[in-house]
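In: Dropping a prediction and its sequence here:
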Amino acid sequence: MDKEQAQPTGMVTVDLDEVIVRGKQKIGIVQLRKPKSGELRGLSMVDICKLEVTALHELLPRVTSPSLTREEVANLSAADLFTLATEVAGFFLPKRASVDSLVQ
């Protein structure tokens, strides 16, 4: 999916380099939802922003669609994990610090 296409606010679409196979289903595109404070319970925002793998293994199943399991997150390629992690970290920037706000 092209990032230029309309998406709900607080959603980002990521094309995976390596498809996740879940039974007969193949997942090549994952949507990330901006986490709400409840979805951050038990996690450190600092660890998430530092892209700590353990924190990402806990958070990503809470904010992905289709909802990835912890095992699926643990089996992601390093490149796909990094892509998802940087998108999640971007959710923590205030609107005034985002690249989109600088362009307008």
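Out: The structure has been received and is ready for your questions.
In: which parts of the longest strand anywhere in the chain are buried?
Out: The residue-count maximum for a strand in the chain (DSSP state E) belongs to strand 11-22. Neighbour-count burial for strand 11-22 flags 12, 14, 16, 20 (criterion: 16 or more other C-beta atoms under 10 Å). (C-beta placed from N, C-alpha, C; glycine too.)
In: Dump these into TSV; add distance to Val46 and pLDDT as well.
Out: What follows is the buried residues of strand 11-22, written out as TSV (distance: C-beta to C-beta, whole Å; pLDDT from 0 to 100):
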residue	distance to Val46	pLDDT
Val12	21	94
Val14	23	97
Leu16	26	98
Ile20	28	97
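In: Can you pick out the most distant pair from those residues?
Out: Farthest pair in those (C-beta to C-beta) is Val12 and Ile20. Separation: 17.2 Å.
In: how about the longest strand of the chain as PDB, C-alpha atoms only?
Out: Only the C-alpha atoms of strand 11-22 are listed here, as PDB (Å, rounded to 0.1, in the frame of the first residue of the first chain):
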ATOM      1  CA  MET A  11      -1.900   4.500  11.400                       C
ATOM      2  CA  VAL A  12       1.200   3.600   9.300                       C
ATOM      3  CA  THR A  13       1.400   0.800   6.700                       C
ATOM      4  CA  VAL A  14       4.600  -1.100   6.400                       C
ATOM      5  CA  ASP A  15       5.500  -3.500   3.600                       C
ATOM      6  CA  LEU A  16       7.600  -6.300   5.000                       C
ATOM      7  CA  ASP A  17      10.700  -7.500   3.200                       C
ATOM      8  CA  GLU A  18      10.000 -11.100   4.300                       C
ATOM      9  CA  VAL A  19       6.400 -12.400   4.300                       C
ATOM     10  CA  ILE A  20       5.100 -13.900   7.500                       C
ATOM     11  CA  VAL A  21       3.400 -17.300   6.900                       C
ATOM     12  CA  ARG A  22       0.600 -18.100   9.300                       C
END
